[in-house]
Structures are given as structure tokens and as C-alpha cells.
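**Student:** One predicted model, sequence on top.
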Amino acid sequence: MRAKSRARVRVAILAACTVLATWWACTAQQPAADAAEKLRRANALVQADKPEQAIPIYRELVGAFPKEPTLKVNLAVALYKAGQYAEVAELCRTLVEQRPEEFRAWLFLGASQLKLGQSGKAVEALRKAAAMQPGDVSARLMLADALLDQRQYKEAAAEYGRAEKAVPENPRVWFGLGRSYEGAAADIFERQERARPGSAEVLALGGDLELERGQWARALRQYREALALKPEFRGLHLAIAEIYARTGHPEWSATEKAREPGRETECPGETPECAFAAGDFEQAASAFAGSPEQVYWQARAYRELARRSYARLRELPASREQAEAAAEADEKSGRYKEAAAAWREALQFAKGEAGLERRLALALCHSNDCAAALPIIAGLLERDKSSAELNYLYGLALLETHEPAKAIRFLESVLQKDFEFKPAHGALGEAYLEVGRWEQAIPQLEEALAEDDGGTRHYQLARAYQEAGKQERSAAVMKDYREILARRAAEERNEPRITPP
């Protein structure tokens, strides 16, 4: 893909050389040879991944000939390669107003908007680019990425599917398809949960999610609750049989398979369930779902399509997308140490990319290794000191590594930017508590109580009250803390287990 992009840039700039050589020769403003030499030099710099050095040359040429759109496109390309996306977007907006037929202006407008996090705007520009040149894979893939970011999962999957026909070995296609199909299935679950909470179909969909995470006992409970509401629900006994097989209970698995209800009539393949049974998952996903149960099978089809996409991705040579998919799968299952290793692998293909570094830092902290995350977060902060999230993560990592005094400045900075950032209140309260600033700790920890499911902030607040001489308040909060612990202990006792049929 990168080679194709470079080839397009080279062709565009050579074309510009011809246009300008003719222009300058006719106007005698500058020798054509000098003009062509400047363009050749700028082109060589762009091709050598030195766009910063090419930019001043293009600016000079654009200034001399402001009505020549090709030069502006070349400048946009160099700016894009240099990461100056805001200027690219502004330049390309002007270009498409002047020349709405200019494909590359629409392409780089959408590409820069996507880089700036403006995926909604990018969709519009990239739709135009893809319509102008349907065979351009770059436009197609960027449009798919923008649609995915906008949660337009079905359309995103369609665009990745079109790209797959042109570049079937591209890992970006299969990663995008997997994420799009997963998103479509999640959308169905969310809609059903809102419309029919507690229904058999919602319980079954929840069981499927737990199954994907490797939470066998939780999935088993969800499926059993769904069957209690709808004993004839097809597919669930087979799902339970799979759980038993994976957990080393082949006899129980056989029993569940025998309980799967048969069909009273022939299944013609016109419903999502029938198409799923026939192995036609694309048809199952797109077929009309006229009942909640058929909607369930539609979601199952999307999940199966996602699994197949990820399986195809794993067959390809190692790539950033392959590592990202592995990292996200590990995180879903709570395997943060393994996820951190996968994020490191992804960074081998995209060194210094802030998004990947952030995910690595989060995975490290979740795996109780915030010390390893500190230098990563520090590097991110150097690039974006105003980020509330990064200041919070850095302060939290300092707390975890027993440096509360250093953490305070960063956590205070978070709340100056966003007072409603509840986790920062708790972390700052903890930092104040650790350095003996009881009175300052109290209001921060009070702000954090509403989201304290584990009881940590209650315990810390009780300590702060006690140290500040407020014994009655301390006793009241400590009572709440003990109730939280008792509730959690009860939940752990009631945690589902693998039991016989």
C-alpha cells in the first residue's frame, strides 16, 4: 500500500513538472529547467521520507503560482507525510471548493480528518474520493476505517469486503472486518438489552459474550437461565455442550447434545437461523430477522464472521494488525500481561505511535507493573502535556510505585482541566492521604465514593477522617466499608461454577 501511495505521488509531481515547465516557458518568469529541477528535488525528498525538507520548496512554488492546483496537492502530500494534518485539512478544504473534481484533494482531506480524530467529517470526504475512483484501495480502506470509528459497522464491513477483493493478503482488511463484525454483534446485543431486558434472547447473547471471553461458568449460567425461560431455544444445549467439552467433561457434553431440540419442519435457509445452520453466515447476518430469536441468530452469525476474519488474519505474516488483534483478545479475557507483550509487538511495526503506547501503558498498569509504564507515559506527556488522561495515568503510576508526593502535581492538573473526572479525585485523595494531608484528602475521597465498588476509597476516607480527629464520621464510613466487603464475599460465594447437567 505504501509503495502504491508513493507511486501516485511520483506520477502527480511529474505531471506538475510538465504543467509548470510549459507555464514558465511561456511567461518567461523563470527558466523551465530551474522549475523542473525544484520539482524533481522536492519529489526526491518526499520519496526519501524527508517531507519536512520538501515543504519549503512546494510553498515557494505555490506562492509563485497560486492558481496551479497540482502544486497545492503536492504540498498537501508533503505536509501529510510530515504529520501536519491540520494544515493539510485546511489546504484541501480550499482545494475542493475550487476544484471539486480533484480526487487527491478529497482523499487527503479525508485522510487528514481521520488522523485528527474527525472521523465523521472524514466519512463525507472519503465517500467522494471512493466514488471518484472506485478502484483506489487507499480511499476504500480509509473510508472503512472512518465508518468503523463512527460505529457504522455494517457499512464498514462492506467497504472492507470490497477492499479484500483487491488486496486479499492485506492484514488491515481482515482486522477491520473482524472489528466491524464484532461491532455489529455488540450493537444487536445493546439494542435487545434496551428493548427486552432479561429476555431469553438477551441472556443467550450475554452467554455468547462470556463464552468469547473464556468465562465458561458465567456463560453456562446465562445459557441455563435462558433455557429456563424458553426451553425450546435451539442452539443453547449445543453451546453448553461446548463448554463441558472445553472444561474436560465429555460425558456431560454428550448429555447436552442429546437434549438439543430437533426441527419439526425442513429449514429452507431463508431465516438467519436456517442460514446459520447451513453455514452461510453472510446470508444469516443479512437475512430479515422477524423475531427476537432470529435476531439472536443474526448476532451469532456476525460473531462467527468475526472469528473467521481473525482466523484469516492469524494465517498471514506477522503484522501490526495481527498483534493488535491478539492484544485486544487478551484484554477481553483479563490477560493483561500477555496483552502488554502483544502491544509491544504491535509497536515493532509502528514505533512511537501514541495510541499503541497508551494501550501498552494501560495493560502494564492492569498487570500490576506500573513501574514499567512510567517511562512510556512520560514520553506521551512530553508530546501532549495538556491531556487530562495522560496526567491522570502518570499520577496513578506514580502512586502505584509509591511516589505520592510526585503524583500530586499531575493529579491536581487533571482536576483543573476536568473537575468531573471522578477517578482522579480518588487518586488525588489517596496521594494526599499518603503524605499526611488529611484535610485535603477528605473532600477528594468523598467525591470518589459513588464509584467505589471495591471499597478502597471508603477505607481510605475512614482513615483520613480518623487522622483528622473526626471519629464519628470515620466509624460511619468504616461501617459502609465492611458492608461492601461482606457483599463482595457473598458475590464470590455465588460466583457460578461448572456443574453437571
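**Tutor:** Now that the structure is in, tell me what you want to look at.

**Student:** contacting residues around the residue positioned nearest the centre of the chain?
**Tutor:** The residue lying closest to the centre of the chain (C-alpha atoms, centre = their mean) is D149, at 7.8 Å. Taking C-beta atoms under 8 Å, 6 or more residues apart in numbering, we find D149 in contact with 114, 119. (Each C-beta comes from the backbone N, C-alpha and C, glycine too.)

**Student:** ok, 7 Å please
**Tutor:** Contact analysis of D149 by C-beta atoms under 7 Å, 6 or more residues apart in numbering lists S119.

**Student:** Is it correct that A306 is in contact with S180?
**Tutor:** No - in this structure, A306 is not within contact of S180 by C-beta atoms under 7 Å, at 8.1 Å.

**Student:** So for the two, which sits in the more crowded spot?
**Tutor:** Neighbour totals were compared for A306 and S180, and S180 leads with 28 against 22 (other C-beta atoms under 10 Å).

**Student:** Might you report the residue contacts of the more buried one?
**Tutor:** Per C-beta under 7 Å, 6+ apart, neighbours of S180: 148, 153, 156-157, 160.

**Student:** wait, which of the residues you listed is closest to R482?
**Tutor:** For those, the closest approach to R482 (C-beta to C-beta) belongs to Y153, at 45.1 Å.

**Student:** Burial check on that closest one, number of neighbours?
**Tutor:** Other residues lying near Y153 total 21 when counted by other C-beta under 10 Å.

**Student:** any idea how far the nearest residue to A125 once chain neighbours are set aside lies from Q444?
**Tutor:** Using C-beta to C-beta, 6 or more residues apart in numbering and skipping residues adjacent in sequence, the residue nearest A125 is G110, 3.5 Å away. Going from G110 to Q444 by C-beta to C-beta, to the nearest Å gives 43 Å.

**Student:** Over to E182?
**Tutor:** From E182 across to Q444, the span is 38 Å (C-beta to C-beta).

**Student:** rewinding a little: looking at the contacts of S180, which are in helices?
**Tutor:** 148, 153, 156-157, 160 (DSSP state H).

**Student:** how distant is stretch 127-135 from the center of its chain?
**Tutor:** Offset of stretch 127-135 from its chain centre (C-alpha atoms, centre = their mean, to the nearest Å): 25 Å.

**Student:** C-alpha coordinates for that stretch, CSV please?
**Tutor:** Provided in CSV are the C-alpha atoms of stretch 127-135 (Å, rounded to 0.1, in the frame of the first residue of the first chain):
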residue,chain,number,x,y,z
ARG,A,127,-17.1,8.8,0.2
LYS,A,128,-16.5,11.4,-2.5
ALA,A,129,-12.9,10.1,-3.1
ALA,A,130,-14.1,6.4,-3.3
ALA,A,131,-16.9,7.4,-5.7
MET,A,132,-14.5,9.2,-8.0
GLN,A,133,-12.0,6.3,-8.1
PRO,A,134,-13.8,3.1,-7.0
GLY,A,135,-10.6,1.1,-7.6
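
**Student:** Could you list the residues in contact with it?
**Tutor:** Applying C-beta under 7 Å, 6+ apart, the external contacts of stretch 127-135 come out as 103, 106-107, 110, 136, 139-140, 143.

**Student:** go again using 10 Å as the cut-off
**Tutor:** Around stretch 127-135, the neighbours that count as contacts under C-beta atoms under 10 Å, 6 or more residues apart in numbering are 96, 100-111, 136-144, 146-147, 159, 162, 166.

**Student:** Selecting buried members of those residues in ChimeraX, what would you type?
**Tutor:** The ChimeraX selection below is limited to those of those classed as buried (16 or more other C-beta atoms under 10 Å):
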select :96,102,103,104,105,106,107,108,109,110,111,136,137,138,139,140,141,142,143,144,146,147,159,162
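
**Student:** ok, and the closest non-adjacent residue to P69?
**Tutor:** Leaving aside its sequence neighbours, P69 sits nearest to R99 (C-beta to C-beta, 6+ apart; 5.2 Å).

**Student:** How much space separates P56 from K50?
**Tutor:** Taking C-beta to C-beta, one finds P56 at 12 Å from K50.

**Student:** For these two, indicate the residue with more neighbours.
**Tutor:** Between P56 and K50, K50 has the larger neighbour count (other C-beta under 10 Å), namely 15 against 11.

**Student:** C-terminal to the host helix or strand of A275, what's the next element?
**Tutor:** Element membership for A275 (DSSP states H and E) is helix 272-277. Note on helix 272-277: by DSSP H and E, the next helix or strand toward the C-terminus is helix 281-286.

**Student:** Now do the buried residues in stretch 152-160.
**Tutor:** Here stretch 152-160 shows 152-153, 156-157, 159-160 as buried, counting by 16+ other C-beta under 10 Å.

**Student:** want to throw those residues into CSV with distance to F175 and pLDDT?
**Tutor:** CSV is the format used below for the buried residues of stretch 152-160 (distance: C-beta to C-beta, whole Å; pLDDT from 0 to 100):
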residue, distance to F175, pLDDT
Q152, 17, 97
Y153, 14, 97
A156, 12, 98
A157, 12, 97
E159, 14, 97
Y160, 9, 97
